[in-house]
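In: Curious how this folds, go ahead:
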Amino acid sequence: MTVGLVVEIAVNLVQQLLFIGFLYLFFDKGDNRVKNIAAFTATVLILFTMENYFTFNEMTFNHLDSIVIVVVMLIYSLAFLKGKLYLRIIMPLIDFGLNMIIAYTAIYLMSWITGKTLEESLAFSTSFRYLYLCVVYITYAFLLWLILRIRKKNITLSNWYDIFAFIVIPVLCMLAMYADVILYQIVNFDSRILLLIIINLFVLVVVSVLVWFLLIRISNDNQVKTDLLLSRQREELYRESAISTGEQISQISEIKHDMRNNLKSIYRLIENNQYAEAKRLCIDCTESIEKVYTPINTDNPTLNAILNVEIEKALKNGISFFYTVTDSLRFVSSTDVVSIIGNLCDNAIEYLLGVDQSRRKMSLEITVRNDYRIIMCRNTILSSVLSVNPDMKTTKKDAALHGKGLSILRGIADKYNGTIGYKEDDNNIEVTLVIKENK
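Out: Here you go, the predicted structure:
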């Protein structure tokens, strides 16, 4: 009796912690940490007290406990959490409903396979209830954790082995756990196999947790490699920007020197009434100035630096580079600006180096449409790229440290609630990144 009482109280506490803990982690909170923790604790204690009361006292109204739980969860979500209003209304219902779906699905599944109702099984074995509760709450916790990870964008299932490791293996382990509970029913709750079932349940849980842990570590390692790549990219940007700045200073010095001499010559020609020669010299000076590359100058120093480097790089390789900049991407972090422009342009330049110089053309457009920024890079191609590589995956041998440009761009698109798309037409390929400014 004492063991049963402790188990029921423990189950009630775990249930409320999962209900409210999920909402606490899913939504943003206010800046007052003490207030946030106090509201969370108070809500859990209120639900815990009510659930214990309903557990040990007969209810006069069916499902009264469910109604109370949902109402309290809604009040907590609307009063103490931050986020879109419709989500703060919907997520408590999804949170509670998911638990009910898992619980009742498990009951019907077991009854359908064994022909025994839950009431019949509980009448023969209390241990069966404990096993049933374990697998139900493990399943519930896994699904809540999965939702949270996807919400925070901590999961990148870009490869089939990621999907297998993160979803398939845990799902198989859970199916095995349910099979253990059903097996315990089929053998009429034979106590001789109970210990084996408990051991098997424990092993399955450990395997699932280890798989998740290892996948997270692998994901972190990949992030470190990506950060290293970005660091190298920024280092190269600074180096090339410094070189470009030095060259610009040298060119400007030469122009000043030439312009001083040309102005003196023009002045002398005008004094001697040689207006035709003076006009011709003015035209020559204008052409000389137009040949000199004028750096881009927006109100975003990082955008200026990376654009000037990429344009200079293209010109040195005989690539005609056309650009339109109507927004300076001030809301985007400096690192992301470098990644966006650097990866788009570098991919285009790298491809064009294998094209005949007469056909080396590329363009970059940064435009605005409402709260969205559209960054489009376009370059000529010899043959269809998308027909051979529709997902634009890297074909380089060292894919761990090279060819990660487009995967980085996909991550940035997700970060700014945007998209990335590819299109081909008229022997050109176009990569478009759309990102949103959250005001």
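In: And the contacts of stretch 273-289?
Out: Stretch 273-289 is contacted from outside by 255, 258-259, 262, 265-266, 269-270, using Cβ atoms under 8 Å, 6 or more residues apart in numbering. For the C-beta atoms, the positions are set from N, CA and C on the backbone; glycine is no exception.
In: how about that stretch: buried residues?
Out: Within stretch 273-289, the residues scored as buried using 16 or more other Cβ atoms under 10 Å are 278, 281, 285.
In: next one: stretch 189-205
Out: Using 16+ other Cβ under 10 Å as the test for burial, stretch 189-205 gives 189, 194, 197-198, 200-201, 204-205.
In: and if you look at stretch 116-133?
Out: Neighbour-count burial for stretch 116-133 [16+ other Cβ under 10 Å]: 116, 118, 121, 125, 128-129, 131-133.
In: again with stretch 167-176
Out: Neighbour-count burial for stretch 167-176 flags 169-170, 173-174 (criterion: 16+ other Cβ under 10 Å).
In: And for it, what's in contact with it?
Out: Under Cβ under 8 Å, 6+ apart, the answer for stretch 167-176 is 135, 138-139, 142, 146, 157, 200, 204-205, 207-208, 211-212.
In: Model confidence score at the residue lying farthest from the centre of the chain, please.
Out: Taking Cα atoms, centre = their mean, the residue of the chain most remote from its mean C-alpha position is N272, at 71.3 Å. At N272, the model reports a pLDDT of 85.
In: want to throw the contacts of stretch 273-289 into CSV with secondary structure and distance to Y53?
Out: CSV is the format used below for the contacts of stretch 273-289 (DSSP: H, G, I helix; E, B strand; the rest coil; distance: Cβ to Cβ, whole Å):
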residue, secondary structure, distance to Y53
I255, helix, 86
D258, helix, 92
M259, helix, 90
N262, helix, 95
S265, helix, 101
I266, helix, 98
L269, helix, 104
I270, helix, 103
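In: now, which of the residues you listed sits nearest N379?
Out: Using Cβ to Cβ, I255 is the member of those that lies nearest N379, at 31.0 Å.
In: Do a quick rundown of the strands in this protein.
Out: Along the chain, counting by DSSP state E, strands occupy 320-325, 361-369, 372-380, 419-425, 428-436.
In: winner for burial among those strands?
Out: strand 372-380 (a mean of 21; mean count of other Cβ atoms under 10 Å).
In: neighbouring contacts of that one?
Out: Contacts to strand 372-380, defined as Cβ under 8 Å, 6+ apart, come from residues 327, 329, 332, 340-341, 344-345, 347-348, 351-352, 355, 359-368, 418, 427-437.
In: can you do 6 Å?
Out: With Cβ atoms under 6 Å, 6 or more residues apart in numbering as the test, strand 372-380 has contacts from 327, 340, 344, 348, 352, 359, 361-367, 427-428, 430-436.
In: Got a PyMOL select line for the buried ones in the contacts of stretch 273-289?
Out: Buried members of the contacts of stretch 273-289, defined by 16+ other Cβ under 10 Å, are picked up in PyMOL with:
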select buried, resi 262+266+269
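In: Save the contacts of stretch 273-289 as CSV, and put in distance to I37 too.
Out: Converted to CSV, those look like this (distance: Cβ to Cβ, whole Å):
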residue, distance to I37
I255, 65
D258, 71
M259, 69
N262, 74
S265, 79
I266, 77
L269, 83
I270, 82
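In: Which of the contacts of stretch 273-289 sits closest to L17?
Out: Closest to L17, out of all of the contacts of stretch 273-289 and judged by Cβ to Cβ, is I255, at 71.4 Å.
In: So for the closest one, what pLDDT did the model give?
Out: At I255, pLDDT is 69.
In: Could you do the one 3 residues further on as well?
Out: Each residue has a pLDDT score; the one for D258 is 75.
In: related to what we said a few turns ago, narrow the buried residues of stretch 167-176 to those in helices?
Out: Secondary structure from DSSP state H places 169-170, 173-174 of the buried residues of stretch 167-176 in helices.
In: L47: which of these is nearest?
Out: For those, the nearest to L47 is M174 (26.1 Å; Cβ to Cβ).
In: pLDDT at the closest one, what is it?
Out: So M174 comes in at 81 (pLDDT).
In: State the distance from it to L201.
Out: 10 Å (Cβ to Cβ, to the nearest Å).
In: just N343 next, same as before
Out: For N343 relative to L201 (Cβ to Cβ), the value is 47 Å.
In: and what of K256?
Out: Here the distance between K256 and L201 works out to 81 Å (Cβ to Cβ).
In: where in the stretch 201-350 of the chain is pLDDT low?
Out: Across the stretch 201-350 of the chain, residues meeting the criterion (pLDDT under 70) sit at 216, 218-253, 255, 287-295.
In: Okay, domains of this protein per the record?
Out: Following automatic domain parsing, the chain resolves into domains at 1-115, 296-436.
In: quick one, helices of the protein?
Out: 2-26, 33-56, 64-80, 85-114, 118-124, 126-151, 160-163, 169-186, 194-271, 275-291, 301-316, 334-352, 405-415.
In: Indicate which one of these is closest to S387.
Out: In terms of Cβ to Cβ, the element of the helices of the chain nearest to S387 is helix 334-352, at 15.3 Å.
In: tell me which residues in that closest one are buried?
Out: 336-349, 351-352.
In: Repeat that for stretch 139-152.
Out: 139-140, 142-144, 147.
In: Same check on stretch 78-86?
Out: Result for stretch 78-86 [16+ other Cβ under 10 Å]: buried residues 80-81.
In: Export it to CSV, keeping only CA atoms.
Out: Extracted in CSV, the C-alpha atoms of stretch 78-86 (Å, rounded to 0.1, in the frame of the first residue of the first chain):
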residue,chain,number,x,y,z
LEU,A,78,-1.1,33.3,-21.3
ALA,A,79,-0.1,35.1,-18.1
PHE,A,80,3.6,34.2,-17.7
LEU,A,81,5.0,33.2,-21.1
LYS,A,82,5.9,35.3,-24.2
GLY,A,83,5.3,34.4,-27.8
LYS,A,84,2.6,34.5,-30.4
LEU,A,85,-0.9,34.5,-28.9
TYR,A,86,-2.2,31.6,-31.0
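In: which other residues reach it?
Out: Stretch 78-86 is touched from outside by 27-28, 39, 88, with contacts defined as Cβ under 6 Å, 6+ apart.
In: Make JSON lines out of these and add neighbour count, pLDDT and distance to L98.
Out: Converted to JSON lines, these look like this (neighbours: other Cβ atoms under 10 Å; pLDDT from 0 to 100; distance: Cβ to Cβ, whole Å):
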{"residue": "F27", "neighbour count": "17", "pLDDT": "90", "distance to L98": "16"}
{"residue": "D28", "neighbour count": "7", "pLDDT": "86", "distance to L98": "21"}
{"residue": "A39", "neighbour count": "19", "pLDDT": "92", "distance to L98": "23"}
{"residue": "R88", "neighbour count": "20", "pLDDT": "90", "distance to L98": "17"}
